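Colleague: sequence-free structure coming up:
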């Protein structure tokens, strides 16, 4: 299990998908790592070229409510869940308990798997937390930013 803190954008892409009945227009959600809306559009366009044989449209781009994603190494973890956690802190001035809420995106196979992954990551911290909710999402995949040096490494030296 690894986690990554970054700026994330949720995108919706409409394209033709080949099904048993033939071509069908679908709209699917993807998350991309980017610093701006234009970078998010560029990133999802670059990724979708590999998945779509025809034309596609980027229908929506919105900043994600989460800043950290928990990536699973397990092949069967093929879904994405939004986990909302409550953290209890003590206000230094008033000495009263204060709750703050943070949302994470978690890769897992089921709700129980998402809970297990959240507990696994949070066990490494000393923070008291409660899992307020875990909800399934329609996100198909998450695309991390590719650095220029990583792109050069992927390309053969001679073409």
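Modeller: Great, that's in hand. What you see is a predicted model, and the numbers here were worked out from it, not measured in a lab.

Colleague: need the strands for the protein, in chain order.
Modeller: 2-5, 8-19, 22-33, 56-63, 68-71, 79-90, 97-108, 129-136, 139-143 (DSSP state E).

Colleague: Might you report the residue contacts of the residue lying closest to residue 45 once chain neighbours are set aside?
Modeller: What sits nearest to residue 45 in space, not counting adjacent residues and going by CB to CB, 6 or more residues apart in numbering, is residue 58, at 6.6 Å. For every residue, glycine as well, the C-beta is placed using N, CA and C. For residue 58, the contacting residues are 11-13, 41, 44-45, by CB atoms under 8 Å, 6 or more residues apart in numbering.

Colleague: Poorly predicted segments of the chain, please.
Modeller: Counting by pLDDT under 70, the chain has low-confidence residues at 147-159.

Colleague: relative to strand 139-143, how tilted is the lengthiest helix in the chain?
Modeller: Longest among the helix segments of the chain by residue count, using DSSP state H, is helix 37-51. Counting by axes from the mean of the first three to the mean of the last three CA atoms, to 10 degrees, helix 37-51 points 110 degrees away from the direction of strand 139-143.
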